[in-house]
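In: Fold the following for me, if possible:
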Amino acid sequence: MGLGFPWAQAPGSLCRMNIRAVPVALLAAALAVPAAEPPAPHGAVPSARQLAWHRLEVYGFVHFTVNTFTDKEWGFGDESPALFAPTAFDADQIAAAFKAGGLKGLILTCKHHDGFCLWPSKLTEHSVKNSPWKDGKGDMVREFADACRKAGLKFGTYLSPWDRNHKDYATPAYVEYYRTQLRELLTNYGEIFEVWFDGANGGDGYYGGTREKRKIDNRTYYGWENTWSIVRELQPGAMMFSDGGPDVRWVGNEKGIAGDPCWATVNRDDFYPGTADRTRLNHGDRPGTHWVPAECDVSIRPGWFYHAAEDAKVRTPENLVDLYFQSVGRGASFLLNLPPDRRGLVHENDLASLRGFRERIDAIFATNLAKAATATATNTRGGDLRFAPGAALDTKPDTWWCTDDAVRAAEIVVDLVRPASFNVVSLREPIELGQRIDDWALDAWRDGQWVEFAKGTAIGARRLWRGAEDITTDRIRLRIVSAAACPALSEFALHREPDAHRPAR
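Out: Residues are numbered from 1 along each chain as shown. From the prediction side, this is the model:
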């Protein structure tokens, strides 16, 4: 686009608008370019609570209940509360482990499928109030909530819809019991950032001594709309997770890996807790009726609960970094489970791996090699400097490059001060405008020509490209090959992974 000033190119060529080299006030006065309106949002867009959630990127799970002491993954519901006897429980140690790993929040399994409650619920005797821990006078949910706030972490709750202990499960009376328990958790423990609704529903259980198999219709039994309304009433800022949302969806596996692409939108009415089309959840729907981004859950061990036999099977820091790129790097979140051991502490092996993960992530993103660069683009929205390409380099989420409405393919060229070596590129769209970009490619200037080194589909909240080898160049080009609406970009950053931290190849 030619803008009619001395440093502009002819129409149709690359617009040499360099907002870093020329003061904005001077340019505005000289050009007298009228302010352009921001583009209209495209398709489904995130709510305020979803925008805040996207910024977390990485947070954790804590699976802790009687299963920890029976060496099971799923309790039957007949376990005695007397089994729950951590010898050195320390919520501050667990929260500190999360903090050391760079996790931003903690979601606690307040009640798993066995029905045992980690708080002294007024509705059941199957809880910590009948355990030897603190002589039955403790409240583990309270201790976790307090420890999280002390450590600067968000706190979330998991309340299993299935209850293999309760005598009324599969009857209307249990639904009221469940909703009242939900109210207990959402009114007594401060601000909750996420409420987790598991999809496991119905089957064999103790059920108050009947020891039988009970089935429910997971589409209608829980009256999900009414159950979700309790969360909206008591914790309006909380995200709700289930197979299909309503706020954040399961990614379709427990491997911590999002699809490529992983669109943030789905046709939400096709899903509900306990019903999962794993392929669609893994990739999302394009287009989709609602903004329901994916959450990638995985445990640091083979099991979700602690088992001593798995002490030597903890994921390595390198593996956790790989999962970060395959979750956060595809626009999803990374939910990593850290199960406390029978002491009630994060095991030393888990903590060492978590710290190694944090060290590697910090090292990768410590330096943005494009920070001092300049940028040019084939089109800038209305010639308005607020939407100039340099806005994608300033690391501010509320500034972005954007094109005119009619433009669906465009290019940005980033000129570095000097040649640099990198193997990670970070891209972000201003998702408050919706997910707009469909296809993109990256080129490096080499031997007098552009050479493509990466391409992909979807950017969204964040897209990370990670190469096996360094790219060394002084110019990089991002091509927006196609977009559903005029493209917008809020981040273009370059990073280099230290050699010492790279996996063997």
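
In: Let me see the contact set for Gly303.
Out: Glu73, Glu310, Pro339 (C-beta atoms under 8 Å, 6 or more residues apart in numbering). Heads up, the C-betas are built off the backbone N, CA and C, glycines and all.

In: these two touch, right, the last one and Thr68?
Out: Yes. Counting by C-beta atoms under 8 Å, Pro339 touches Thr68, with 7.1 Å between them.

In: and for those two, which residues touch both?
Out: With C-beta under 8 Å, 6+ apart as the test, Pro339 and Thr68 both reach Phe305, Tyr306.

In: who wins for neighbours among the contacts of Gly303?
Out: Pro339 (24 neighbours; other C-beta atoms under 10 Å).

In: beta partners for Leu335?
Out: Beta-bridge partners recorded for Leu335 (DSSP bridges): Tyr59, Asp297.

In: meant to ask about Phe492, not that
Out: So, taking DSSP bridges as the rule, Phe492 has Leu427 as bridge partners.

In: so after the helix or strand of the chain with the lowest mean pLDDT, what's the next helix or strand?
Out: Scoring the helices and strands of the chain by mean pLDDT, DSSP states H and E places helix 24-31 at the bottom, with a mean of 44. Per DSSP states H and E, the first helix or strand lying C-terminal to helix 24-31 is helix 48-56.

In: List of residues touching that next one?
Out: 46, 104-105, 154, 193-194, 236-239, 247-248, 291, 293, 333, 431-432, 461.

In: Could you pick out the buried ones from those residues?
Out: Among those, those buried by neighbour count (16 or more other C-beta atoms under 10 Å) are 46, 104-105, 154, 193-194, 238-239, 247-248, 291, 293, 333, 431-432, 461.

In: Which of these fall within strands?
Out: Judged by DSSP state E, strands contain the following of the buried ones among the contacts of helix 48-56: Gly105, Lys154, Glu194, Met239, Val248, Trp291, Ser333.

In: Confirm for me that the first one is in contact with Ile192.
Out: No. In this structure, Gly105 is not within contact of Ile192 by C-beta under 8 Å, at 10.0 Å.

In: Mind listing the shared neighbours of these two?
Out: Common contacts of Gly105 and Ile192, defined by C-beta under 8 Å, 6+ apart, comprise Phe155, Gly156.

In: rewinding a little: show me which of the ones in strands among the buried ones among the contacts of helix 48-56 is closest to Gly115.
Out: Distance to Gly115, by C-beta to C-beta, is smallest for Glu194 among those, at 21.6 Å.

In: Which residues are in contact with the residue lying closest to the closest one once chain neighbours are set aside?
Out: Spatially, and ignoring its direct neighbours in sequence, Glu194 is nearest to Gly156 (3.8 Å; C-beta to C-beta, 6 or more residues apart in numbering). Neighbour list for Gly156: Tyr59, Gly105, Leu106, Ile107, Leu108, Ile192, Phe193, Glu194, Val195, Trp196, Ala238 [criterion: C-beta under 8 Å, 6+ apart].

In: Chain neighbours aside, what residue packs nearest to the residue nearest the centre of the chain?
Out: By C-alpha atoms, centre = their mean, the chain has its centre lying nearest to Ser333, at 1.5 Å. In this structure, Ser333 finds its nearest non-sequential neighbour in Glu295, 4.9 Å apart by C-beta to C-beta, 6+ apart.
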